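S.K.: One predicted model, sequence on top.
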Amino acid sequence: MRSFLSILVVFGIFLTACSKDFLETAPFGQPTSDQFWRNADDAVAAANALYEPLDDEDYFGHNEQTFDICSDDFWRAGDHGEDQAIEEFTFDASNDQLSFSYTRKYEIINRANAILLNVPNIDMDAALKSRILGEAHFMRAFAMWTQHVVYGALPIITETDYRDNNFNKPKPTVDEFRAFMEADWKEAARVLPASYDAANIGRPTSGAANGFLAKLYVHWEKFADAITAGQKVISGPYPLAANFADNFTIATENNPEMLFAVQSLEGWNVCEYEIYTTPRPWGGWDFHEPIQDLVDEFEPNDPRLNATVFKLGDIVDLGGSDGPTEYVAGLSQTNYHFRKFASWRPSGGLDENQNVPLLRAADVYLLVAEAKIRSNQNGDTEINAVRARAGLAAKSNCKMSDLIHERRVELAGEIQRHIDLMRWDKAGIIDLVAHYAKDRGQFKPARTFQRPKHYFFAIPQAQIDLSNGVLTQNSGY
């Protein structure tokens with residue numbers, strides 16, 4: 001996966017489902033066996049092209065993380081007015097931020113559909129064919145998951161729709177949308193390998209598929225299913241890294257705990273998120289600054305704090321002539337930056353080999369713990385496994401408050417906090433209206449969260465208009 005075939009860029013253009021608007025779609029379903037879909041090399045190139053959109057600035061290069069600025073973990077910073085409206089819950093359906101990643105997600109879905117439509121007809125090694133089809137099922141569900149947590153439900157485009165150029169469809173119910181993802185991830189878990197050789201590190205495994213199933217089931221409140229799927233990760237070849245910081249250190253970032261990540265390889269395929277989240281004098285653009293409320297959540301001597309944020313007085317090796325440099329006041333308005341997402345070359349300058357984590361085994365441990373606690377079982381084992389890695393004392397008879405704390409400090413900045421808080425509000429575990437009405441200081445003043453309107457963001461108005469009313473807006477917008 002780190003050695004993307006050069007053909008993927010050409011293939012990505014060939015398969016791109018849209019330029020700016022998803023419904024302005026050229027017909028891509030016709031047979032093209034004389035040009036492509038001829039052999040195993042074409043199938044592998046098609047699989048590689050599934051991952052190319054992930055690093056885009058309009059996806060995990062920046063945009064997707066902005067949907068977490070609503071949370072109480074970090075301030076938007078930066079200079080984008082559309083981000084401010086997202087953070088303050090004042091956005092409407094015309095907000096540009098809602099559109100940026102919309103088509104990128106459908107690009108992945110249609111690339112997956114092209115594989116599912118064409119690869120079964122290729123005469124090639126059966127095991128490789130099965131893996132590629134599993135990657136397509138996994139990535140289609142993953143793209144839909146990133147649609148789900150933002151919009152709730154959008155039109156489901158299958159390989160048959162792709163073949164027939166049937167793109168203007170009404171959206172299903174949320175449960176129907178979840179059921180489609182479930183089926184895809186179940187098939188991916190069935191056919192994908194548990195691990196890969198070094199040449200294919202970064203492709204999704206059966207563990208990644210089961211991990212996302214566990215996440216889906218917790219959101220769906222199917223706790224027995226979440227435990228079953230999650231235990232397949234916990235009992236599999238996906239141990240927690242020896243040190244929390246290993247997950248964010250380039251030399252060790254693809255350790256077995258990292259179930260799925262945006263793979264960056266300087267000179268080939270890079271993700272710009274590290275530029276967004278680092279200080280301007282250090283080569284970044286100074287977005288997404290952690291706030292004091294997050295820092296205060298960490299227990300004394302929790303090493304995850306130092307691995308998560310830069311703090312005043314920290315010494316950071318910027319490489320080259322800068323070398324070890326002190327993090328001082330003025331680098332950030334909040335006096336913090338995320339450490340998780342930045343590394344520097346020995347020769348100086350940001351190291352563009354920094355991955356962006358999308359699912360770690362630690363997340364799955366905590367999802368299993370939540371499923372157990374919410375079904376009146378004991379989640380101590382899973383919570384304490386995560387705490388033990390951090391060198392913290394074990395807890396007993398853990399409650400949801402313990403689980404909520406552990407998820408916040410373990411996964412800070414990894415696009416989990418806001419969707420976690422909404423899930424717990426829906427279940428009556430917290431009061432999110434009151435939570436977001438709390439004044440957390442200059443960078444997180446009181447904000448008005450409207451229930452149930454803000455459980456989902458608005459579907460971009462341009463997409464509603466293009467559909468001629470077939471696609472309907474989410475409630476409240």
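M.R.: Yes, it's here. Residues are numbered from 1 along each chain as shown.

S.K.: Can you pull the domain assignment for this structure?
M.R.: 7-256, 273-354 (automatic domain parsing).

S.K.: Distance to residue 477 for those - can I get that in a markdown table?
M.R.: Placement of C-beta: from N, CA and C, glycine included. Rendered in a markdown table, the data for the domains of the chain read as follows (distance: least, CB to CB, whole Å):
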| stretch | distance to residue 477 |
| --- | --- |
| domain 7-256 | 5 |
| domain 273-354 | 25 |
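
S.K.: Identify whichever of these lies nearest to residue 440.
M.R.: Distance to residue 440, taken as CB to CB, is lowest for domain 273-354 among these, at 4.7 Å.

S.K.: Off-centre distance for the closest one?
M.R.: Here domain 273-354 is found 21 Å from its chain centre; the criterion is CA atoms, centre = their mean, to the nearest Å.

S.K.: Residue 461 versus the closest residue to residue 476 other than its chain neighbours, what's the distance?
M.R.: The shortest distance from residue 476 to any non-neighbouring residue, by CB to CB, 6 or more residues apart in numbering, is to residue 453 (3.2 Å). As for residue 453, its distance to residue 461 is 16 Å (criterion: CB to CB, to the nearest Å).

S.K.: what do you get for residue 245?
M.R.: Counting by CB to CB, the separation of residue 245 from residue 461 is 43 Å.

S.K.: what's the answer for residue 371, then?
M.R.: The gap separating residue 371 from residue 461 is 37 Å, by CB to CB.

S.K.: ok, for residue 322, nearest residue in space, not its chain neighbours?
M.R.: Spatial nearest neighbour of residue 322, excluding adjacent residues (CB to CB, 6+ apart): residue 348 at 6.1 Å.

S.K.: where does the one you found land in three-state SS?
M.R.: Look at residue 348: counting by DSSP: H, G, I helix; E, B strand; the rest coil, its state is coil.

S.K.: contacting residues around it?
M.R.: With CB atoms under 8 Å, 6 or more residues apart in numbering as the criterion, the residues that contact residue 348 are 318, 319, 320, 321, 322.

S.K.: Could you give the number of residues near the last one?
M.R.: Counted by other CB atoms under 10 Å, the residues lying close to residue 322 total 15.

S.K.: and if you look at the first one?
M.R.: Residue 318 has 19 neighbours, counted by other CB under 10 Å.

S.K.: Check residue 71 too.
M.R.: For residue 71, the tally of surrounding residues (other CB under 10 Å) stands at 25.

S.K.: Which ones among the contacts of residue 348 map onto helices?
M.R.: Secondary structure of those is defined by DSSP state H; no position falls in helices.

S.K.: Dump these to a markdown table, plus pLDDT and distance to residue 70.
M.R.: Listed next are the contacts of residue 348 as a markdown table, based on pLDDT from 0 to 100; distance: CB to CB, whole Å:
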| residue | pLDDT | distance to residue 70 |
| --- | --- | --- |
| 318 | 97 | 32 |
| 319 | 96 | 35 |
| 320 | 96 | 37 |
| 321 | 95 | 40 |
| 322 | 95 | 35 |
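
S.K.: starting at the chain centroid, how far to the helix or strand hosting residue 175?
M.R.: Counting by DSSP states H and E, the element that carries residue 175 is helix 174-191. Taking CA atoms, centre = their mean, one finds helix 174-191 lying 17 Å from the centre of the chain it belongs to.

S.K.: Buried residues, it. List them.
M.R.: 174, 177-178, 180-182, 184-189, 191 (16 or more other CB atoms under 10 Å).

S.K.: pLDDT and distance to residue 357 added to the residues you listed, as a markdown table?
M.R.: Written out in a markdown table, the entries for the buried residues of helix 174-191 read as follows (pLDDT from 0 to 100; distance: CB to CB, whole Å):
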| residue | pLDDT | distance to residue 357 |
| --- | --- | --- |
| 174 | 98 | 26 |
| 177 | 98 | 25 |
| 178 | 98 | 23 |
| 180 | 98 | 25 |
| 181 | 98 | 20 |
| 182 | 99 | 23 |
| 184 | 98 | 22 |
| 185 | 98 | 19 |
| 186 | 98 | 24 |
| 187 | 98 | 24 |
| 188 | 98 | 19 |
| 189 | 98 | 20 |
| 191 | 98 | 24 |
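
S.K.: Run through the residues that contact residue 476.
M.R.: By CB under 8 Å, 6+ apart, the contact list for residue 476 reads 450, 452, 453, 454.

S.K.: Roughly how far does it sit from residue 42?
M.R.: According to CB to CB, residue 476 and residue 42 sit 46 Å apart.

S.K.: That's all I had, so thanks and see you.
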